[in-house]
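Enquirer: Turn this into a model:
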Amino acid sequence: MVMLLCYLIFQSLLRSKGFVDYYWKRFLRLFPALLVVLLLTILLAPLVYESTVNYLNNPSIYSYVYKNMSLYRLQYTIPGVFENNIYGSAINGSLWTICYEFTMYLLLSALLFFKSNLKLVRLLLVFLLAAFGTFFFFFKANYEFTFYQLSSGLLSDLGIYFLAGSFLASIHFEKFKSIKLLLLVSFVILTLNELFIDDFSLIRFVFLPILVIGFGLQSTKFINSINEKIGDISYGIYIYGFPVQQTLMHYYKFSPTILTLLSIPITVVFAFASWHLIEKKALSFKKINPLELVSELFLKPQKK
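Expert: Okay, the predicted model is just below:
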């Protein structure tokens with residue numbers, strides 16, 4: 001998911017007119033739908049609330065939205081919600097990745113200074129890959145640190161995949177004539193790696209991006225028709241899947257198999273609604289310059 005996302009993000013970066021345009025599109029993609037799911041959580045949490053403390057007197061409900069909207073001060077729990085679930089009391093545990101994703105957005109935006117020179121951009125991506133890889137393999141064990149909820153070790157791990165996907169986008173991997181052969185070779189090497197080489201990280205970093213992105217680029221009529229009919233529900237699945245599963249487990253204590261079978265269609269329904277009611281409408285504003293909008297609304301002298 002991260003690798004396919006970064007592939008598309010890098011293409012979006014090259015199409016961006018500048019920093020404001022790039023950040024505005026990232027804001028519209030992330031925050032409106034995230035805000036809605038957080039507000040829905042606050043509104044629906046009383047249905048699964050089990051504390052003796054009155055819900056409205058629980059201070060955690062008032063910090064839940066703004067802390068999670070900050071991305072780097074995530075609040076996973078509200079005391080009294082899901083506390084007896086066998087998987088723990090986290091309401092939306094999937095959100096742990098969002099600060100890493102946003103950090104890589106910020107890092108990638110520095111390439112906007114050089115986007116007119118694609119060869120230099122590729123060179124910088126290789127340099128960043130080398131830097132992240134060096135930290136991961138040689139310094140992570142002794143020099144790992146945490147900033148808010150951002151771990152340098154996880155950032156180096158996930159960042160390598162993000163940068164690898166960006167590099168593949170920079171060399172127009174989708175135009176390679178031998179993608180299917182590369183997919184086969186990557187699959188064989190990764191399988192051997194898992195079975196016989198004790199999961200050597202360097203092999204994963206090299207071949208997993210090729211396999212995931214190469215597979216994702218394969219276009220079929222069936223896949224295209226699904227996207228045209230239901231829209232882009234990937235982000236909605238990400239932000240709704242965990243709370244849907246936790247709610248089902250709160251009431252029914254399903255086995256993992258039954259939980260998977262039931263949670264997928266329910267999550268897809270929420271994701272479908274999120275795309276068509278929130279995300280798609282928010283993205284319709286991406287061509288608007290936010291600075292010009294602010295100037296028009298607040299700074300332009302009003303006619304008397």
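
Enquirer: can we go C-alpha only for contacts and neighbour counts from here?
Expert: Noted.

Enquirer: helix/strand/coil for Ile91?
Expert: Here Ile91 is recorded as coil under DSSP: H, G, I helix; E, B strand; the rest coil.

Enquirer: give the contact list for Val20.
Expert: Taking C-alpha atoms under 8 Å, 6 or more residues apart in numbering, we find Val20 in contact with 289-290.

Enquirer: Give the helix, strand or coil label for Thr77.
Expert: coil.

Enquirer: Give me the distance between it and Trp24.
Expert: Separation of Thr77 from Trp24 (C-alpha to C-alpha, to the nearest Å): 30 Å.

Enquirer: Then Phe114?
Expert: In this view, Phe114 and Trp24 are 19 Å apart by C-alpha to C-alpha.

Enquirer: So between these two, which is more surrounded?
Expert: Trp24 (19 against 13; other C-alpha atoms under 10 Å).

Enquirer: surely Leu259 meets Gln245?
Expert: Yes: with contacts counted by C-alpha atoms under 8 Å, Leu259 reaches Gln245, the gap being 6.9 Å.

Enquirer: Among these two, which residue is more densely surrounded?
Expert: Gln245 (22 against 17).

Enquirer: Please name the residues that touch the more buried one.
Expert: Here Gln245 is in contact with 259, 263 (C-alpha under 8 Å, 6+ apart).

Enquirer: I'd like the average pLDDT over the helix or strand hosting it.
Expert: Secondary structure from DSSP states H and E places Gln245 in helix 234-252. If you average the pLDDT over helix 234-252, you get 95.

Enquirer: So which bits of that helix are buried?
Expert: 235-237, 239-247, 249-250 (16 or more other C-alpha atoms under 10 Å).

Enquirer: For the stretch 201-304 of the chain, just list every one of the helices.
Expert: 201-216, 221-230, 234-252, 256-274, 280-283, 290-294 (DSSP state H, counting those that start in this stretch).

Enquirer: wait, which of the ones you listed is closest to Tyr62?
Expert: helix 234-252 (18.4 Å; C-alpha to C-alpha).

Enquirer: Convert the closest one to CSV, retaining C-alpha atoms only.
Expert: Taking C-alpha atoms only, helix 234-252 is exported to CSV below (Å, rounded to 0.1, in the frame of the first residue of the first chain):
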residue,chain,number,x,y,z
SER,A,234,-8.4,2.7,-0.4
TYR,A,235,-8.2,5.5,2.1
GLY,A,236,-11.6,4.8,3.5
ILE,A,237,-10.7,1.2,4.1
TYR,A,238,-7.6,2.3,5.9
ILE,A,239,-9.4,4.7,8.3
TYR,A,240,-12.6,2.6,8.9
GLY,A,241,-11.4,-1.0,8.9
PHE,A,242,-10.0,-1.0,12.5
PRO,A,243,-13.0,0.6,14.3
VAL,A,244,-15.4,-1.6,12.3
GLN,A,245,-13.5,-4.7,13.5
GLN,A,246,-13.3,-3.5,17.1
THR,A,247,-17.1,-2.8,17.1
LEU,A,248,-17.9,-6.3,15.9
MET,A,249,-15.6,-7.8,18.5
HIS,A,250,-17.2,-5.7,21.2
TYR,A,251,-20.6,-7.3,20.5
TYR,A,252,-19.8,-10.8,19.2
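
Enquirer: low pLDDT regions in the stretch 101-250 of the chain?
Expert: 198-199, 219-226 (pLDDT under 70).

Enquirer: residue contacts, Lys253?
Expert: With C-alpha under 8 Å, 6+ apart, Lys253 has no contacts at all.

Enquirer: picking that back up, distance to Leu5 added to the helices of the stretch 201-304 of the chain, as JSON lines?
Expert: As requested, these are exported to JSON lines (distance: least, C-alpha to C-alpha, whole Å):
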{"stretch": "helix 201-216", "distance to Leu5": "9"}
{"stretch": "helix 221-230", "distance to Leu5": "16"}
{"stretch": "helix 234-252", "distance to Leu5": "10"}
{"stretch": "helix 256-274", "distance to Leu5": "17"}
{"stretch": "helix 280-283", "distance to Leu5": "16"}
{"stretch": "helix 290-294", "distance to Leu5": "24"}
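
Enquirer: Of all those helices, which one is nearest Leu182?
Expert: Among the helices of the stretch 201-304 of the chain, the nearest to Leu182 by C-alpha to C-alpha is helix 201-216 (7.4 Å).

Enquirer: What is that closest one packed up against?
Expert: Secondary-structure packing of helix 201-216 (3 or more C-alpha pairs under 8 Å, 6 or more residues apart in numbering; DSSP states H and E): helix 2-15, helix 152-170, helix 179-196.
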